[in-house]
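Peer 1: Build me a model:
(one chain, ligands or ions: 1)
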Amino acid sequence: MKELAIKVKQAPRSKIRELFDLAAGRSDVISLGIGQPDFLTPKPAIEGTIEALNKNITYYAPTRGIPALLEELEQKLKTVNRIGTSWKDNIILTNGGSQALNLTFASIFNPGDEMILSSPNFISYFYLAAFFGVKVIEIERKSNYGPDIDKMKDSITDKTKAILINSPNNPTGYSLNKKEMDKIVDIVKQNDLYLISDEVYENYLYDDSQHVSPASLKDMFSRTITINAMSKLYSATGFRLGYIAASKEIIDIMEKYHQFTAAGTNHAAQYGFLKALQMDSSFFDEILMSFDERRMLAFNRLSKMGFEVVKPKGAFYIMPKITKFGLSGAEFSTRIMKEHAVAIVPGNIFGSYSENMLRMSYATKMEKLSEAMDRIENFINEI
Ligand SMILES: Cc1ncc(COP(=O)(O)O)c(C=O)c1O
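Peer 2: From the prediction side, this is the model:
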């Protein structure tokens, strides 16, 4: 038989899936593995979708999305992100943040282009780059997980097309401050690059961290692809809805790709997203308070156990270093799952500099999180 698609075939299977496979059928497992908030999707999102289905809105939606939702997103981008857009030209709906990334890669890169990112970073960036023939230049994060901006600058070549940032970040929980953002933006402008800004965790911020959307900064809109999604804010990962804000030129290219690869997004669900966006943002206050408590529980317990741990500033992940325990992240993850039924993602799936790290999601109830920490403590006392 002739060779099947090499790029996809050669991509390793998701280690997160392997972890789920190990957990399958075991009721005793506590998962710190999944990137999904545990609160219920707000009612308006569900009711809006049901109402649309009851009106038989089951046919193709416009490729870019329904006008009412795009208009609502224009408002949201203006008030929350301070990004000025025109819904007719600058916004496209996607199947989650994942497809927003896919459209971004499809519309700005040519094979051989280079893209710079801080490492560790979200796993899909590495796979998409491989699928689209883009070379990833990984810049190791500093010990506090902040970006090494001087190294970023030094790694620019005539092939560099874009810098990709994800703040707040999965897996490290780092959130860029304004000074860092300004420096990155300067590099982008000085070197005529694009900036891909994945902002799917924009609302999960703690202490004094503040979200800055780079597209809102001077002369940056035309260079920035802003990615966001319904998934994390509304605990609606199964809705598969996300969106991109970018220049008309870029959105026009994305629309072409979208038309011939997905033909749009779920029509009825777009009405659910619309209703969710119309909710008062205060619905999220209590949720954020509860996530903050979990963050502090995870941070304090792990620190006491002797993990080298950076206090997360955003998202709902914590990424301890485990050098002192004499196991790699992969060994730690496999053993703690088998021996103590805790699902933890090994760091090595997030790039080349995280072999000795673990990623834990604390988007789980306090009692379970606390029990998971007890089990981790028992495990490290045994090794
Ligand atoms: C940084 C980041 N970007 C994008 C996504 C994809 O989001 P979605 O579930 O909306 O496809 C995720 C999901 O975990 C993520 O962590």
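Peer 1: residue contacts, residue 94?
Peer 2: 100, 102, 103, 229, 241, 242, 243, 244, 258, 265 (CB atoms under 8 Å, 6 or more residues apart in numbering). Glycine gets a C-beta too; all of them are placed from N, C-alpha and C.
Peer 1: can you put these in CSV and add secondary structure and pLDDT?
Peer 2: Putting the contacts of residue 94 into CSV (DSSP: H, G, I helix; E, B strand; the rest coil; pLDDT from 0 to 100) gives the following:
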residue, secondary structure, pLDDT
100, helix, 98
102, helix, 98
103, helix, 98
229, strand, 98
241, coil, 98
242, strand, 98
243, strand, 99
244, strand, 99
258, helix, 98
265, coil, 98
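Peer 1: List, out of these, those positioned next to the ligand.
Peer 2: 229, 242 (CB under 6 Å from any ligand atom).
Peer 1: Just give me the neighbour total for residue 61.
Peer 2: For residue 61, the neighbour count with other CB atoms under 10 Å is 19.
Peer 1: swap that for residue 80, sorry
Peer 2: Neighbour count of residue 80, defined by other CB under 10 Å: 16.
Peer 1: on that earlier part again, quick one: which of the contacts of residue 94 is nearest the ligand?
Peer 2: Nearest to the ligand out of the contacts of residue 94 is residue 229 (CB to the nearest ligand atom; 3.5 Å).
Peer 1: Residue 324: what's it in contact with?
Peer 2: Contacts of residue 324 (CB under 8 Å, 6+ apart): 306, 308.
Peer 1: Oops, could you answer that again for residue 362 instead?
Peer 2: Here residue 362 is in contact with 32, 291, 294, 295, 297, 298, 316, 317, 318, 369 (CB under 8 Å, 6+ apart).
Peer 1: Buried ones in the helix or strand of the chain with the lowest mean pLDDT, by neighbour count?
Peer 2: The helix or strand of the chain with the lowest confidence, counting by mean pLDDT, DSSP states H and E, is helix 15-23 at a mean of 75. Going by neighbour count (16 or more other CB atoms under 10 Å), the buried part of helix 15-23 is 15, 16, 18, 19, 22, 23.
Peer 1: Using a markdown table, lay out those residues together with distance to residue 275.
Peer 2: Formatted as a markdown table, the buried residues of helix 15-23 follow (distance: CB to CB, whole Å):
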| residue | distance to residue 275 |
| --- | --- |
| 15 | 36 |
| 16 | 31 |
| 18 | 37 |
| 19 | 34 |
| 22 | 38 |
| 23 | 34 |
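Peer 1: Looking at these, which is nearest residue 223?
Peer 2: Among the buried residues of helix 15-23, residue 16 lies closest to residue 223 (CB to CB), at 32.1 Å.
Peer 1: what's the closest one in contact with, if anything?
Peer 2: 33, 34, 123, 345, 349.
Peer 1: and the protein, which residues reach the ligand?
Peer 2: 35, 96-98, 122, 166, 170, 198, 200, 229, 231, 237, 242.
Peer 1: Would you list the buried entries among these?
Peer 2: Looks like the residues of the chain next to the ligand have 35, 96-98, 122, 166, 170, 198, 200, 229, 231, 237, 242 buried, using 16+ other CB under 10 Å.
Peer 1: Make a markdown table from these and add secondary structure and distance to residue 141 to it.
Peer 2: Formatted as a markdown table, those follow (DSSP: H, G, I helix; E, B strand; the rest coil; distance: CB to CB, whole Å):
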| residue | secondary structure | distance to residue 141 |
| --- | --- | --- |
| 35 | coil | 19 |
| 96 | helix | 26 |
| 97 | helix | 21 |
| 98 | helix | 23 |
| 122 | coil | 13 |
| 166 | strand | 12 |
| 170 | coil | 13 |
| 198 | strand | 16 |
| 200 | coil | 19 |
| 229 | strand | 23 |
| 231 | coil | 24 |
| 237 | helix | 26 |
| 242 | strand | 25 |
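Peer 1: among the contacts of residue 362, who's most crowded?
Peer 2: Neighbour-wise, these (other CB under 10 Å) top out at residue 298, 28 neighbours.
Peer 1: Torsion angles phi and psi at residue 328?
Peer 2: phi -80, psi 170 (degrees, to the nearest 10).
Peer 1: Tell me which residues touch it, please.
Peer 2: 346, 348, 355, 356.
Peer 1: now the strands: where do they sit in the protein?
Peer 2: Shown for the chain, the strands assigned by DSSP state E span residues 30-31, 91-94, 114-119, 135-140, 160-166, 194-198, 224-229, 242-245, 317-318, 342-343, 345-346, 358-361.
Peer 1: For burial, what's the neighbour tally of the nearest residue to residue 247 once chain neighbours are set aside?
Peer 2: Excluding the flanking residues, the one nearest residue 247 by CB to CB, 6 or more residues apart in numbering is residue 222, at 4.8 Å. Using other CB under 10 Å, residue 222 has 12 other residues around it.
Peer 1: Just the pLDDT at the residue lying closest to residue 129 once chain neighbours are set aside, thanks.
Peer 2: Distances taken as CB to CB, 6+ apart place residue 136 nearest to residue 129, at 4.7 Å, with adjacent residues excluded. On pLDDT, residue 136 comes in at 97.
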